[in-house]
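Novice: below are the sequence and a predicted model for it; my questions follow.
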Amino acid sequence: FRLLKKLSIRQRLLSIVLIVYIPLVIMGIMIYKNQNQKIEFISLEIEGSKVITVITGFNNRLAIHRGLSSRYLGGDQSSETVSSLGKNESELDEISNEIEKIGKSSPAKLNVSNSWEKVARHWKKLKENYKTMTPTENFENHTELVAECLQVISDIGDNSGLILDPNYDVYYVMDLTVYKMPFLAETLGKTRAYGIKLLSQKTVSPEEQEKILFLVQDLFFYVRFTRDSFDLARKYNPTESILKKEDISKLIEMQENYIGVIKKEIISAKQLTMSPADYFQIATNTIIPTFELNQKVADSLVKKLEVKLDNEKKNLNFLYGVLISAFLGTIVLALVLTQSITSQIATLVGTAKDFAEKVKEGLLEYRMSSEDIGGDFREIPPGINNIIDMMIAPIRESSHVMAEMAKGNLCEYVDGDYQGGHA
């Protein structure tokens, strides 16, 4: 308060305005930080989903390699199979190198480089040695490598915050991308590769019968889980074209028909008469659409997050505008109010000075004018004028009575109703 007393009226008013504005500024900063955190969170999600999309492509091709290598080791070493293997291996090498490059430029929090290093080494070793493996060793090594890829996808989903996204429209698409679709695709791939192995050897041991039955049960449940996840994703993304119920139902039907083929030709068959090539083709006709849908869902997740990021940036820019406008508006309003008040005070002071000069000169008839004064200050001049009138009235009447007395007229007297010291 002592400090305020030393300030001019203009400075006091500005200080009051600033004190009122400080809480608004603090609130604005908090909102700004929260908005920035949202943008950083979504940006990390986008980086993670982009890496997952590429790894999904690698994983799908790896499952294809497992099926082709199973055909090769099962006796189908035709030029077509060898050529398909060579093309597939080139694609896998290319994608693996791409992921290594992405790992170097991606946020450290994703830990892509360290996670992928083990997978890349394993793939290189498998590519060099699978032709000398038994069908069982080949199947197990491919399956182990696919499991490592799925773990990397899961880790990146965790590190990027994708699994923590609070929005249902993103969460259920993420769930399909990171968990349901990759595991469904892997189970399809395993049943294809293992089925080829069994059909190639023409016999099924009790242990192998148990394993293929276990794989089919897994596949059955993953088909059901994935269908339910698509229903939830569609519920919160009704306009998303890749989630159309008709398309998903058609794919689910293909997968269920494939399960039926496995049961009929392998599990329930007394003799394995289906050729590995025919089985491979039936399985592939089911797996490829699943892989393609898996890739589309992953791409859709990236696009959805990019739209979300763009909206959050727009919100942040809007917040910038509101804060700046509020700050400038408050300053302008403070200046206008200060100018208005100080102008009225200055006019009042000037009028008072003029009045004092006139009184000093003996012009007791002069009165203060309120013509140029506005607001509540307009009431001050009439009040001062009334005070002057009340002070001068008894003096004038006394002077008149004294003048009459000087003339010898003793009949004049003061008859005004005066109060206080004038009584």
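Specialist: Yep, it's here.

Novice: so what's Tyr279 up against?
Specialist: When contacts are counted by Cβ atoms under 8 Å, 6 or more residues apart in numbering, Tyr279 touches 192, 195-196, 199, 261, 265. Heads up, the C-betas are built off the backbone N, CA and C, glycines and all.

Novice: what's the helix or strand for the closest residue to Val112 other than its chain neighbours?
Specialist: Spatial nearest neighbour of Val112, excluding adjacent residues (Cβ to Cβ, 6 or more residues apart in numbering): Gly103 at 3.7 Å. Per DSSP states H and E: Gly103 is located in helix 79-105.

Novice: from the contact counts, what lies against that helix?
Specialist: Judged by 3 or more Cβ pairs under 8 Å, 6 or more residues apart in numbering; DSSP states H and E, the packing partners of helix 79-105 are helix 9-73, helix 112-129.

Novice: worst mean pLDDT among those?
Specialist: Sorting the helices and strands packed on helix 79-105 by mean pLDDT places helix 9-73 lowest, at a mean of 85.

Novice: quick check: next helix or strand after the strand or helix carrying Leu145?
Specialist: Assigned by DSSP H and E, Leu145 belongs to helix 135-159. Remark: after helix 135-159, the chain's next helix or strand is helix 168-175, criterion DSSP H and E.

Novice: now the helix holding Gly103: buried residues?
Specialist: 81, 84-85, 88-89, 91-92, 95-96, 99, 102-103 (16 or more other Cβ atoms under 10 Å).

Novice: so which pair among those is furthest apart in space?
Specialist: Within these, Thr81 and Gly103 form the most distant pair, 32.6 Å apart (Cβ to Cβ).

Novice: how about the contacts made by the residue nearest to Val112?
Specialist: Gly103 neighbours (Cβ under 8 Å, 6+ apart): 51, 112-113, 116.

Novice: which of the residues you listed lies closest to Leu73?
Specialist: Nearest to Leu73 among the contacts of Gly103, with distances taken as Cβ to Cβ, is Trp116, at 27.0 Å.

Novice: quick check, the closest one in contact with Glu98.
Specialist: No - the pair Trp116 / Glu98 is not scored as a contact, 10.4 Å apart, by Cβ atoms under 8 Å.

Novice: hmm, who's touching stretch 21-31?
Specialist: Taking Cβ under 8 Å, 6+ apart as the rule, stretch 21-31 contacts 319, 322-323, 326-327, 330.

Novice: which helix runs longest in this structure?
Specialist: helix 276-360 (DSSP state H).

Novice: re earlier: any idea how far the helix holding Leu145 is from the chain center?
Specialist: 30 Å (Cα atoms, centre = their mean, to the nearest Å).

Novice: just want the angle from that helix to helix 276-360.
Specialist: 10 degrees (axes from the mean of the first three to the mean of the last three Cα atoms, to 10 degrees).

Novice: tell me the buried residues in helix 135-159?
Specialist: Here helix 135-159 shows 135, 138-139, 141-143, 145-146, 148-150, 152-157, 159 as buried, counting by 16+ other Cβ under 10 Å.

Novice: do stretch 320-330 as well
Specialist: 323, 330.

Novice: what's the mean pLDDT across that stretch?
Specialist: Stretch 320-330 comes out at a mean pLDDT of 78.

Novice: what residues does it touch?
Specialist: Outside stretch 320-330, the residues touching it (Cβ under 8 Å, 6+ apart) are 17, 21, 24-25, 28, 32.

Novice: quick revisit: out of the contacts of stretch 21-31, which comes closest to Asn237?
Specialist: Nearest member of the contacts of stretch 21-31 to Asn237, counting by Cβ to Cβ, is Leu319, at 27.2 Å.

Novice: hmm, back to that, could I get the buried residues of helix 79-105 as CSV with pLDDT and distance to Ser43?
Specialist: Converted to CSV, the buried residues of helix 79-105 look like this (pLDDT from 0 to 100; distance: Cβ to Cβ, whole Å):
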residue, pLDDT, distance to Ser43
Thr81, 91, 44
Ser84, 94, 39
Leu85, 94, 39
Asn88, 95, 34
Glu89, 95, 35
Glu91, 95, 29
Leu92, 96, 29
Ile95, 95, 24
Ser96, 95, 25
Ile99, 94, 20
Ile102, 92, 15
Gly103, 91, 17
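
Novice: many thanks, I have nothing further to ask.
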